[in-house]
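# Predicted model and sequence follow; I will ask about them next.
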Amino acid sequence: MQLKDATVLIVDDEPVLCEIKSAWLTRLVGRVLVANNGAEALEVLAANPVDLVITDIRMPVMDGVTLLKKITASGKPQPRVIFITGFSDFDPRDAYDLGADAILEKPMERDGLLQVVKRSLMTRHELWRTPVDVMPAAVLHSSFPSLAIALQEQKIAFGRGGFCIAASQDLHEGPIGILLEFHDDRSVLQGQGIVRWISPVEGLAGIELLYVAPTSSEWVAELAQHNEIVAYIPRSPSAQRTLSAKTA
């Protein structure tokens, strides 16, 4: 999608912050709409096609979490959602599972917000085609008989923007290299990502994809598109809502 064609909805109960974020985005996207809470946002969404929602989490009348749940429950193609929060008590694992593309903490910087907005409005092919400059300190290397078996045995679950995996490695939040082999499919997911959350007790990690090698990009992008209505990163492999994928 061209940024000049995008419509962005800003949801915040503080008018000054709505005004500031609107000013930041006006030169980047085609149209900026505003709402003061989640209930107003639903009315705006019902009356206008919207590509991206940037919403505060804590608001009166209807908070951002409830707003995202109602958007997702519609079952229709949904706008991307970015959460903004000034609190650290909301688990990122829950946010990505609900469908949020990103979580930004207050106070925000203009460039940081605009970068996340650009990423959210890109197609998967656009988003994943450029290697990340930061060299990861570790590589996640896992092998499976096939993708179908890995899904069925709940070893991995894919969402729109990444995957949850049962990992035996000692992972840490931050940049990571990725090498996942699916032998019977003769397919490999090779690229770079960022570990967004870890659950050592469960042996699980949630990883956002940042770059996918050209040899992997077609089937991985197809899988992400196939999972367009599910979580950005599922909270567990058992949360996989679709169990089929075509690999090359």
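Looks like it arrived, so ask away.
# so who does the residue most central in space within the chain touch?
Centroid check for the chain by Cα atoms, centre = their mean gives Asp101 as the closest residue, at 3.0 Å. Counting by Cβ atoms under 8 Å, 6 or more residues apart in numbering, Asp101 touches Arg80, Val81, Ile82, Val116, Arg119, Ser120, Arg160, Gly161, Tyr232. For glycine as for every other residue, the C-beta is placed from the backbone atoms N, C-alpha and C.
# what's the answer for Asp111, then?
Not one residue lies near Asp111 by Cβ under 8 Å, 6+ apart.
# okay, it: pLDDT?
Looking at Asp111, its pLDDT stands at 92.
# what about it, which helix or strand?
Under the criterion of DSSP states H and E, Asp111 resides in helix 110-121.
# ok, now Ile165?
Here Ile165 sits within strand 162-166, counting by DSSP H and E.
# neighbours of Ser168, just the number please.
8 (other Cβ atoms under 10 Å).
# thought it was touching Gly203?
Yes: under the criterion of Cβ atoms under 8 Å, Ser168 makes contact with Gly203 at 6.9 Å.
# The helix or strand that the strand holding Ile165 is followed by relative to strand 162-166, how many degrees between them?
Where DSSP H and E defines the elements, the next helix or strand beyond strand 162-166 is strand 174-182. Following axes from the mean of the first three to the mean of the last three Cα atoms, to 10 degrees, one obtains 70 degrees for the angle between strand 174-182 and strand 162-166.
# can you redo the contacts of Asp101 as TSV with neighbour count?
Formatted as TSV, the contacts of Asp101 follow (neighbours: other Cβ atoms under 10 Å):
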residue	neighbour count
Arg80	24
Val81	24
Ile82	21
Val116	20
Arg119	16
Ser120	24
Arg160	22
Gly161	27
Tyr232	24
